[in-house]
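Participant: how would this look folded up:
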Amino acid sequence: MKGAFFSSSKASIRNRNKLVIFSLFVFLSSVYCLQHATSEELVTLDFKDQNIQDILPTVSEVTGRNFMIDDGIQTKVTIVSSSKLNPENAYQFFMQELKRQGLCGDVTGEITRIRFCNRHRKE
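Facilitator: Numbers count the residues shown, from 1 in each chain. Now for the predicted structure:
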């Protein structure tokens, strides 16, 4: 009788351990999903008459993109979004506004190179 009770207790402990491990797995998975969902925070872009080189670090952080800017570009830009955007839409909006202001972005791998669209230096 003593052995039966003890082995039953071992099985109960094993089952309890499995339940704890499973519960921990579910909890950690939920935390990961929640963190992933909040990393897609919405942002607004509000840059008025700012030098492009000054705003690129902020745009890079918000969009998660890497930028390189051609030498000699000292252009002041105005980029204002009227609604909140996710990082991908913020990047697309930023690139559209740059193009509207005479600048283009060439994407090569993980880097967006910003240059004058006409490839000539603006006077």
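Participant: can you give me phi and psi for the closest residue to residue 87 other than its chain neighbours?
Facilitator: Sequence neighbours aside, residue 63 is the residue nearest to residue 87 in space, at 5.0 Å (criterion: Cβ to Cβ, 6 or more residues apart in numbering). Heads up, the C-betas are built off the backbone N, CA and C, glycines and all. Main-chain dihedrals, residue 63, degrees, to the nearest 10: phi -90, psi -20.
Participant: got a list of what residue 63 touches?
Facilitator: Contacts for residue 63 (Cβ atoms under 8 Å, 6 or more residues apart in numbering) come out as 87, 88, 90, 91, 94.
Participant: again, 6 Å this time
Facilitator: The contact partners of residue 63, by Cβ atoms under 6 Å, 6 or more residues apart in numbering, come to 87, 90, 91.
Participant: then residue 41?
Facilitator: Contacts of residue 41 (Cβ under 6 Å, 6+ apart): none.
Participant: right, I'll call it a day here.
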